[in-house]
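>>> what follows is a protein structure lacking sequence information:
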């Protein structure tokens, strides 16, 4: 497929990851504090996934109708710059894959109806290699921390008038569990 | 009057269903509204009614039905006769 982008593991969620990590540590600490004192601590792996599909023509139509207001509402300045064509205008398929990636990340985070992050809090960053990564901030980072998601990988592509993206988040927290089953094996 | 809302849905929502046949409480997402087309609907509503949807209203349920859209516009002070 044209325009394929390899997935890349973001190294801890970039510059905003420290906040994500700190929140995750606080979460784990509170869980441990609430757990029975003599229960063994075990790693617990969290994995979450989201996917989205966007019709590129709809992105083109929205940009033509609403112009800069459409761009500024959905995308950060960095994302907009990454989608500019050298000769002027925008690479619509790049905008479409970024929107799909934001939506995929949103699905991965599974926000409650009253805690939906802003579009700008899920940013798709272009890397020199041609791959992209997702950086989370604000409410998006807090949701990730709550779900013990410490790293996010994404992959996006476009073909035949559609753009698609997948976001996978994972992390490890600790839990204290009562000794049952395999503990005695 | 829901005419402007229905017109905007017809122009920007890319629904699979005929807007004229949708009921007041018909589920627009079931009718084909997507996350991206809901953004276009939101921007068109802002232009039509001279309002701006704040972040806390940018939820799926805000655009879930004609009834929900009308309520959201009323909450924003838009005049919907």
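Perfect, thanks for sending it. Remember, predicted model here, so these are calculated numbers, not experimental data. Numbering: from 1, shown residues only, chains lettered A, B, ... in the order given.
>>> report pLDDT for residue A:12.
In this model, residue A:12 is scored at 37, pLDDT.
>>> show me what contacts the closest residue to residue A:105 other than its chain neighbours?
Spatial nearest neighbour of residue A:105, chain neighbours left out: residue A:167 (4.3 Å); criterion: Cβ to Cβ, 6 or more residues apart in numbering or on different chains. The way it works is simple: take the backbone N, C-alpha and C, and place the C-beta from them, glycine included. Neighbouring residues of residue A:167 by Cβ atoms under 8 Å, 6 or more residues apart in numbering or on different chains: A:49, A:50, A:51, A:101, A:104, A:105, A:107, A:108, A:134, A:152, A:153, A:154.
>>> quick check: which element contains the residue sitting nearest the centre point of chain A?
Geometric centre of chain A, nearest residue: residue A:105, 3.7 Å, by Cα atoms, centre = their mean. Assigned by DSSP states H and E, residue A:105 belongs to helix A:92-109.
>>> pLDDT of that helix, averaged?
pLDDT averaged over helix A:92-109 gives 97.
>>> following element in sequence after that helix, please.
Using DSSP H and E, the first helix or strand after helix A:92-109 is strand A:122-126.
>>> who's in contact with that following strand?
A:14, A:76, A:78-79, A:82, A:97-98, A:101-102, A:105-106, A:132-137, A:140, A:154.
>>> ok and it relative to helix A:92-109, angle-wise?
130 degrees (axes from the mean of the first three to the mean of the last three Cα atoms, to 10 degrees).
>>> and whichever helix or strand comes after strand A:122-126 with strand A:122-126, angle?
Note on strand A:122-126: by DSSP H and E, the next helix or strand toward the C-terminus is strand A:132-136. Here the directions of strand A:132-136 and strand A:122-126 differ by 150 degrees (the same axes, to 10 degrees).
>>> what pLDDT, on average, does strand A:132-136 get?
The average pLDDT within strand A:132-136 is 96.
>>> partner strands of it, with direction?
Sheet partners assigned to strand A:132-136 using DSSP bridges are listed as strand A:122-126 (antiparallel).
>>> what's the average pLDDT for the partner strand?
Mean predicted lDDT for strand A:122-126 stands at 96.
>>> how near is residue A:129 to residue B:10?
Separation of residue A:129 from residue B:10 (Cβ to Cβ, to the nearest Å): 43 Å.
>>> which of those two has more neighbours?
Comparing residue A:129 with residue B:10 by other Cβ atoms under 10 Å in any protein chain shown, the one with more neighbours is residue B:10, at 14 against 9.
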